[in-house]
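# here you go, sequence then predicted model.
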Amino acid sequence: MSYKDIFLAELVFSLAEHVSEDVIPQPTIQVQSLPSECHISQQVTGDCSAVTAIFGEHDALAAFASQYAKFEVTDDILGEILADFLNMNNGSFVVSLSDTFEAECSLSVPEFSDGAIVPLLKDTYITPVEFDYGTVNFVFSEM
């Protein structure tokens, strides 16, 4: 099982447990770059070097954040709620890495790159997840 596979397994579990049981992940695609609307990311450092991120259309992200937070999320806290989900999921990912590979990793504070391009590593994958309100994209980029 690869780091990417563990990330995806944790993602599906986190989505089902904290957002919606009706999670419909689409096939993961490998990409060379990310769209400009991707501006929330978090680094995993240590035995696994990775960057994770989340992006999508504003309305889909707002609905996703509200569903995750269990309250109506306003634009002034939208980024923080999305970063919280990313951090929560990545925390589970890091624990799984430790359990599966005895890999020691840590997480950076989620970063907001307002308009700047999220720095990617060697292999970058996007997993689109469909919800009733739109698609939210999750990024995993690794060495």
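Cool, the structure landed. Numbering: from 1, shown residues only.
# next, give phi and psi for S41.
The phi and psi values for S41, taken as degrees, to the nearest 10, are phi -140, psi 170.
# what pLDDT does the model give it?
If you check S41, the pLDDT there is 93.
# do you know how far it is from V118?
Per Cβ to Cβ, to the nearest Å, S41 is found 5 Å from V118. C-betas here are computed from N, CA, C, even on glycine.
# next: T135.
Taking Cβ to Cβ, one finds T135 at 18 Å from V118.
# overlap in contacts, S41 and V118.
Residues touching both S41 and V118 (Cβ atoms under 8 Å, 6 or more residues apart in numbering): V51, A53, V139.
# between these, which sits nearest A16?
Using Cβ to Cβ, V139 is the member of these that sits closest to A16, with 19.4 Å.
# find me the pLDDT at the closest one, would you?
Listed pLDDT for V139 reads 96.
# more neighbours, T135 and V118?
A count of neighbours by other Cβ atoms under 10 Å puts V118 above the other of T135 and V118, at 22 against 16.
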